[in-house]
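Colleague: Got a sequence here, can you build the structure:
(one chain, ligands or ions: 1)
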Amino acid sequence: MVYNNCCRSVNRNFRCETQSNEFCGQTYWGVGVARRRSNPIESRSVVSAKKIMPDTSQKPRIALGADHAGFPVKESIKRYLLESGYPVEDVGTWSDESVDYPDYAKRVSQRVVGGEDRFGILVCGTGIGMTIAANKVGGVRAALAHDAATARMAREHNDANVLAIGGRLVNDAGAIEIVKDFLKTEFAGGRHQRRIDKISELDRDRAGNK
Ligand code: RB5
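Modeller: Residues are numbered from 1 along each chain as shown. Sure thing, here's the model as predicted:
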């Protein structure tokens, strides 16, 4: 299934909004099929609404961002999230034209820290630049995961609120496994909370030193 390019912001009810808040008219469930607009990407397909009926039960909202190197994997992650019923805010980029990853790390991080989205997912070539940039935003705990095990630990031990992935290092299926495990794992708390508190203290120190 192909989501069209105007689906940058998809609300809980899975209606597609353009950035100007106009609906493109596409819905992801209901009777019959949803038609797409007539740009080259959008016109590729007609969506069978029944097939992708989302589970809208209390899924956390996800901010999603990538640079040009992470763009293809970001699109696959977006498809997975939407099909699984997660509300998604896609902050770009939307093509493989060269861009700078800190711009997207900042957009996603600010949304997470501001409480607009529960988690952020960032994809660049290695995931390293996105991780470094995101962790400059106070309140962000960005973790780079290359597999499902590190993704689980990032949530369980580090209460990571942003996940970074190397789009040139994993394939689509690998990226989705990482995302799945990250989103299904709860923070363990206990002794780990004390350590998270110390990280928050570092954030406060840095804010105080400005
Ligand atoms: C872009 O070429 C690449 O440097 C970027 O995607 C990322 O891997 C940086 O960490």
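Colleague: And the pLDDT at the closest residue to Asp100 other than its chain neighbours?
Modeller: Among residues not flanking Asp100 along the chain, Asp67 sits closest, at 6.9 Å (Cβ to Cβ, 6 or more residues apart in numbering). To be clear about C-beta, it is placed using only N, CA and C from the backbone, and glycine gets the same treatment. Looking at Asp67, its pLDDT reads 98.
Colleague: so what's Asp67 up against?
Modeller: Residues counted as contacts of Asp67 (Cβ atoms under 8 Å, 6 or more residues apart in numbering) are Thr93, Ser98, Val99, Asp100, Tyr101, Tyr104, Val123, Cys124, Gly125, Gly129, Met130.
Colleague: TSV for the residues you listed, including secondary structure and pLDDT?
Modeller: Output for the contacts of Asp67, formatted as TSV (DSSP: H, G, I helix; E, B strand; the rest coil; pLDDT from 0 to 100):
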residue	secondary structure	pLDDT
Thr93	coil	98
Ser98	coil	98
Val99	coil	98
Asp100	coil	98
Tyr101	helix	98
Tyr104	helix	98
Val123	strand	99
Cys124	strand	98
Gly125	coil	98
Gly129	helix	99
Met130	helix	99
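Colleague: just these that are near the ligand?
Modeller: Among the contacts of Asp67, proximity to the ligand is found for Tyr101, Cys124, Gly125, Gly129 (Cβ under 6 Å from any ligand atom).
Colleague: could you measure the closest residue to the third one other than its chain neighbours against Cys124, distance?
Modeller: Leaving aside its chain neighbours, Gly125 sits nearest to Ala69 (3.5 Å; criterion: Cβ to Cβ, 6+ apart). In this structure, Ala69 and Cys124 are 5 Å apart, going by Cβ to Cβ, to the nearest Å.
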